[in-house]
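1. I'll drop the sequence and a predicted model, then ask my questions.
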Amino acid sequence: MHRLCYFLLFLNILNIINSCEYVQNIAVKYKRHFSASFGKISINNQCISELTLHVPDIKTIVVKCGQNKLSQIQENFIGNISTLEVLKINHCDIIRIESGAFANLPQLKTIIIENNPLLEHIPKGLFNQLSLKQIFLRNNRINSIEDEAFANLPSLTIINLSNNNIRHMSKNWFTNTRNIKNVFISNNKIQQVPQEMFSGWRYANFFDFSSNSISIINEDAFKDVASTIHYFSLASNNLKQINTTTFPKNFIIDLDLSSNLFNYLPHAFLQNINVRQLTLTANPFKCNCLADINGALASKGVKLYCGFCNKNKAHCKETSIPVCAHPSQMEDNCVESVDDEATEKLLGFAKELGYEDFKGLVAECKKNI
Ligand SMILES: *[C@@H]1O[C@H](CO)[C@@H](O)[C@H](O)[C@H]1NC(C)=O
Ligand SMILES: *[C@@H]1O[C@H](CO)[C@@H](O)[C@H](O)[C@H]1NC(C)=O
Ligand SMILES: *[C@@H]1O[C@H](CO)[C@@H](O)[C@H](O)[C@H]1NC(C)=O
């Protein structure tokens, strides 16, 4: 009787352990709570769980693939480790991750899945751990994120999606996840910030949206986050125009709009804005519009970086570099309109000087205006 029980238990354990046949000789490093050094085992045909590792009190797990790649991460790849706080899977050439891959990790705070140049899709329900605080998904090739992919994570404070191929953002990614402070989504291909993208967020603080292709910021995009945000970069995007109400009056932040395609900023926007610091470097402002910007903001005590220069003083000595573009039509005052011809002229100038775009073109605006 006893023997049969043990035999059945043994079969049962085998059964659990053998449900990840696709895992072939993957090195797993782990660290216990209160331990300084890592232990190491190699797993074969096994999912990673407390049972597999035979080690209590595991805090950190690092999956290192080495020669053997993990092209698919299937359901139950890792689970049932009651003490795990940090999970890192890096350089594994992952192509696909199934939702349910990470199950029953009640203490998990940080998940890092990075440097997988073939990973394109993030399914709904992948991150279903209530205690998650940080999600790092940098340097993959993510181009599709299902709605609710990051839903129901009340403790999430940081999400880093930098260096991927993301084109569309959706506010439904974050259903019932409202306590995020820092969003890093630089170096993607985002074209628009959707309407009410962050509605209901309470603690938004630091947003880096630089180096995307953003040309449209929809109405009320920043509704609810205006009064809490401290730093916001939209540098190196394709913005030509900005709506007056995009940044509400209570936005008291460092705002970086450098390296966009602005020929002007609307007078009403300049009146309304209340930022502490505004970086406008490397935009093809029409000259009379740049003068207006300087005038409007100087009186507000806004620390302003404009023209084509701030930090790189060495380059600024080059006097042949223009600070702004002359409008294609004669204008007595700043006309609030996009002037592609003026932009092209200035860009041509930059190229003649050997710069690929405005980012490289620098001149000292304060001196020359
Ligand atoms: C965790 O436990 C569940 C239920 O016993 C089981 O179905 C699953 O395979 C286990 N996961 C791992 C990775 O061992
Ligand atoms: C997010 O990723 C970017 C790009 O790698 C990096 O500059 C930034 O510091 C990261 N943020 C955090 C909180 O790790
Ligand atoms: C300004 O807001 C309108 C209405 O929401 C929108 O259609 C337009 O694309 C916005 N413009 C920019 C440059 O974001």
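-> Thanks, I have the structure now. For clarity, every value in this text was computed on a predicted model and none was experimentally measured. Numbers count the residues shown, from 1 in each chain. Ligands and ions are numbered 1, 2, ... in the order given.
2. wait, doesn't residue 181 sit right on residue 202?
-> No. Counting by C-beta atoms under 8 Å, residue 181 stays clear of residue 202, with 9.5 Å between them. Backbone N, C-alpha and C define where each C-beta goes, glycine included.
3. Could you list the buried residues of stretch 345-352?
-> Buried residues in stretch 345-352, defined by neighbour count with 16 or more other C-beta atoms under 10 Å: 345, 346, 347, 349, 350.
4. List the buried residues in stretch 278-291.
-> Counting neighbours by 16+ other C-beta under 10 Å, stretch 278-291 gives 278-290 as buried.
5. Identify those among these that sit within strands.
-> Using DSSP state E, the subset of these located in strands is 278, 279.
6. Can you add secondary structure and give the buried residues of stretch 345-352 back as TSV?
-> Formatted as TSV, the buried residues of stretch 345-352 follow (DSSP: H, G, I helix; E, B strand; the rest coil):
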residue	secondary structure
345	helix
346	helix
347	helix
349	helix
350	helix
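7. What about residue 339, how many residues nearby?
-> Residue 339 has 22 neighbours, counted by other C-beta atoms under 10 Å.
8. Settle it for me: which of residue 181 and residue 202 has more neighbours?
-> Between residue 181 and residue 202, counted using other C-beta under 10 Å, residue 181 has the larger neighbour count: 18 against 12.
9. can you pull the pLDDT of the more buried one?
-> Per-residue confidence at residue 181 stands at 98 (pLDDT).
10. where's it relative to ligand 2, distance?
-> 10 Å (C-beta to the nearest ligand atom, to the nearest Å).
11. give the contact list for that residue.
-> Neighbouring residues of residue 181 by C-beta atoms under 8 Å, 6 or more residues apart in numbering: 157, 158, 203, 204, 205, 206.
12. Ranking by neighbours, what's the top pick from those?
-> residue 204 (22 neighbours).
13. my guess is that residue contacts residue 229, does it?
-> Yes. Proximity of residue 204 to residue 229 meets the contact threshold set by C-beta under 8 Å, at 5.3 Å.
14. residues shared between the contacts of the two?
-> In contact with both residue 204 and residue 229: no residue, using C-beta under 8 Å, 6+ apart.
15. so who does the residue of the stretch 101-250 of the chain found nearest ligand 1 touch?
-> Using C-beta to the nearest ligand atom, residue 104 is the residue of the stretch 101-250 of the chain that sits closest to ligand 1, at 5.7 Å. For residue 104, the contacting residues are 79, 80, 81, by C-beta under 8 Å, 6+ apart.
16. Neighbour-wise, which one of these leads?
-> Going by other C-beta under 10 Å, residue 81 tops these with 27 neighbours.
17. Could I get the phi/psi values of the closest residue to that one other than its chain neighbours?
-> Among residues not flanking residue 81 along the chain, residue 50 sits closest, at 5.2 Å (C-beta to C-beta, 6 or more residues apart in numbering). Per-residue torsions, residue 50: phi -60, psi -40 (degrees, to the nearest 10).
18. now swap in residue 112 and tell me
-> Torsion angles, degrees, to the nearest 10, at residue 112: phi -130, psi 120.
19. can you pull up the bridge partners for it?
-> residue 88, residue 136 (DSSP bridges).
20. measure it to ligand 3 for me?
-> 34 Å.
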